[in-house]
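> Sequence and predicted model, in that order:
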Amino acid sequence: MTFPIYVRAADIYTNRKTGKIGLLPIGRSTWWEWVSAGTAPKPVKLSPRVTVWRTAEVLAFAESYVGNRT
């Protein structure tokens, strides 16, 4: 299975309005709080309006997040 190199924030968190399920069972504000606090992986700016994360880093973070919850 191949994954894209980068994912956008909307692919990471769950959007309750649209029903789109993200990689993590968290909301938008939680994700951005974690990014600001340095808990989540650092973003990569592709342009002034496009922020992405490396998929491998997000998947590793998601595994550690799930591991800490059990």
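Structure received.

> show me the residues around Leu24 that make contact.
In this structure, Leu24 makes contact with 12-14, 31, 62, 65, judged by Cβ atoms under 8 Å, 6 or more residues apart in numbering. Where C-beta positions appear, they are placed from N, C-alpha and C, glycine not excepted.

> swap the cut-off to 10 Å and go again
12-14, 30-31, 34, 40, 58, 61-62, 65-66 (Cβ atoms under 10 Å, 6 or more residues apart in numbering).

> Emit the PyMOL select command for whichever of those residues are buried.
Selection command for PyMOL covering only the buried members of the contacts of Leu24, criterion 16 or more other Cβ atoms under 10 Å:
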select buried, resi 12+13+14+31+34+40+58+61+62+65
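
> Could you tell me how far the residue lying closest to Ala56 once chain neighbours are set aside is located from Thr55?
On the basis of Cβ to Cβ, 6 or more residues apart in numbering, the spatially nearest residue to Ala56 that is not a chain neighbour turns out to be Phe3, at 7.8 Å. Noted for Phe3: a distance of 5 Å to Thr55, by Cβ to Cβ, to the nearest Å.
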